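Chemist: All I have is the shape, not the residue letters:
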């Protein structure tokens, strides 16, 4: 994660938290607020309909395409503890992406180490 964030390894970091968790504008249960530097915001709940099902393909493609290009590879997803990231990974996989992984430690782990940077804002 750190090497991808610093641009030393290929990959696109994607945060699946709601926008307030990503930009640090709302309180969270994690040690510090914000997102891993260099990551993009793709709220996992925004990939679901009101019933909690994955959006139809066209709508899902549009929402993901607003954040990721096909050249953004590999994709490494994270959230607070891995749950929303896993759902976003499922959505990407349903669209045919095979270059997706989840940082299961997510911000729960990352934010505990004060040496690991976090950014506030969009």
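Modeler: Structure received. Worth saying up front: this structure is predicted, and the values here are computed from it rather than measured.
Chemist: okay, now residue 51: neighbour count?
Modeler: Neighbours of residue 51 under the rule other C-beta atoms under 10 Å: 5. For every residue, glycine as well, the C-beta is placed using N, CA and C.
Chemist: And residue 23, by the same measure?
Modeler: Other residues close to residue 23 by other C-beta under 10 Å number 18.
Chemist: Also residue 120?
Modeler: 12.
Chemist: Now do the contacts for it.
Modeler: Residue 120 is in contact with 23, 24, 33, 34, counting by C-beta atoms under 8 Å, 6 or more residues apart in numbering.
Chemist: Make a markdown table out of those residues and add pLDDT, distance to residue 11 and secondary structure.
Modeler: What follows is the contacts of residue 120, written out as a markdown table (pLDDT from 0 to 100; distance: C-beta to C-beta, whole Å; DSSP: H, G, I helix; E, B strand; the rest coil):
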| residue | pLDDT | distance to residue 11 | secondary structure |
| --- | --- | --- | --- |
| 23 | 97 | 21 | helix |
| 24 | 96 | 22 | coil |
| 33 | 95 | 23 | coil |
| 34 | 96 | 19 | coil |
